[in-house]
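Asker: how would this look folded up:
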Amino acid sequence: MKLSPTLARVQARMARGVLARDGFLGADTRNLADIVAADAETLAHLDVRAEDLGRALERLTEAALAALGGPSAVAGRYEVRAVEVMGRIPCPFGGCGLFPKAEVRGRRLDTGQELLWTPLGVHLIRAHGFFQGRGSPYRLEPKRLAEFLGLGGEQGERPGSG
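Answerer: This next block holds a predicted model:
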């Protein structure tokens, strides 16, 4: 898929070292539009929306950040912990505000499955349907994320809803 001039500028801001040391695209050779389209197709097969995944992940992120570095249990199903560093980072899409520089680790208590993400990554999923490029340190594979969150098909309840 051909990139619009606007998406080409966004993709340039996602490159390694522009906004973040590792960037947002990893080793992915696809362009931004193709990455988003492929993940949207996966979500359609899972019968789940990026916005729903982002909203559920946002609840876990808020609980982790509120715990000030300590572990936080969420809905008896997850344990989350955030490590924050100084500063904020803007969204590469522009005009979306600034997000805390933090890593969040989440673990499902029933399966032991673990994921690592950032507050900006949550925004990218929820607002832009962008899960980051393959090989990015914070890439969240849509299928794995849906399984972790218990969303899509008959996966179960949303985090924080029980």
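Asker: give me the residues contacting stretch 11-23.
Answerer: Applying C-beta atoms under 8 Å, 6 or more residues apart in numbering, the set of residues contacting stretch 11-23 from outside is 3, 24-25, 31-32, 89-90, 92, 94, 133, 136-137. No exception for glycine: its C-beta is placed from N, CA and C like everyone else's.
Asker: show me what the lengthiest helix in the chain is packed against.
Answerer: Ordering each helix of the chain by length in residues (DSSP state H) puts helix 50-66 first. Helix 50-66 sits against helix 32-46, strand 72-74, strand 78-90, strand 98-108, helix 119-128, helix 142-149, with contacts defined as 3 or more C-beta pairs under 8 Å, 6 or more residues apart in numbering; DSSP states H and E.
Asker: make CSV from the ones you listed and add mean pLDDT, mean neighbour count and distance to residue 18 to it.
Answerer: Below are the helices and strands packed on helix 50-66 laid out as CSV (pLDDT from 0 to 100; neighbours: other C-beta atoms under 10 Å; distance: least, C-beta to C-beta, whole Å):
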stretch, mean pLDDT, mean neighbour count, distance to residue 18
helix 32-46, 98, 17, 13
strand 72-74, 95, 16, 32
strand 78-90, 96, 15, 11
strand 98-108, 97, 18, 15
helix 119-128, 98, 22, 14
helix 142-149, 97, 21, 25
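Asker: tell me which of the ones you listed lies nearest to residue 58.
Answerer: When the helices and strands packed on helix 50-66 are ranked by proximity to residue 58, the top entry is helix 119-128, at 5.1 Å, counting by C-beta to C-beta.
Asker: thinking again about what came up before, centre of the chain to the longest helix of the chain, how far?
Answerer: Once both centres are worked out by C-alpha atoms, centre = their mean, to the nearest Å, helix 50-66 turns out to sit 9 Å from its chain's centre.
Asker: what does stretch 46-54 give?
Answerer: Computed by C-alpha atoms, centre = their mean, the chain-centroid distance of stretch 46-54 equals 11 Å.
Asker: just to revisit the earlier point, what pLDDT, on average, does the longest helix of the chain get?
Answerer: On average, the pLDDT along helix 50-66 is 97.
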